[in-house]
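Novice: return a 3D structure for these sequence lines:
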Amino acid sequence: MRTKSLFNNKIKCFHCDSNFKLKKERGVNKYICTKYDNSGKCIRIPIREDFLVDLIEKRMSEVVSRELIDEHIEKIVIEDIDLLEIFVINQESILLSRTHLRY
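Specialist: Sure thing, here's the model as predicted:
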């Protein structure tokens, strides 16, 4: 039985609004746009799972679990490798831009 990814249906592509899906590349869990992966009709923006986990753990001050993601993370919108926003339920979002990181 296949288990759901940690961020199942939480990561959205800014460019095409598709979900990102988990792929293992060279032993590293990364998320990429489903539309890009299935048809090449978007852009490839690989986001490492451990990078997202680290951002959320620093903000929430606790170990990330599927339950924590389900309870506290509304969605994650990826525009570029260094431009993303993690929408936290009932709190200010985590914003990463080329020049700024807001927890």
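Novice: roughly how far is the strand ranked longest in the chain from the heart of the chain?
Specialist: In the chain, taking DSSP state E as the definition, the longest strand is strand 73-80. Using Cα atoms, centre = their mean, to the nearest Å, the distance from the centre of strand 73-80 to the centre of the chain it belongs to is 6 Å.
Novice: in that strand, which residues are buried?
Specialist: When burial is assessed from 16 or more other Cβ atoms under 10 Å, strand 73-80 yields the following buried residues: 73, 75, 76, 77, 78. For glycine as for every other residue, the C-beta is placed from the backbone atoms N, C-alpha and C.
Novice: what helices or strands is the helix or strand following that strand leaning on?
Specialist: Remark: after strand 73-80, the chain's next helix or strand is strand 83-88, criterion DSSP states H and E. Strand 83-88 is packed against helix 49-60, strand 73-80, strand 94-96, with contacts defined by 3 or more Cβ pairs under 8 Å, 6 or more residues apart in numbering; DSSP states H and E.
Novice: which other helices and strands contact the helix or strand of the chain with the lowest mean pLDDT?
Specialist: Within the chain, no helix or strand scores below strand 101-102, which has a mean of 84 by mean pLDDT, DSSP states H and E. Helices and strands touching strand 101-102, as assessed by 3+ Cβ pairs under 8 Å, 6+ apart, comprise strand 94-96.
Novice: output the contacting helices and strands for the strand it packs on.
Specialist: helix 49-60, strand 83-88, strand 101-102.
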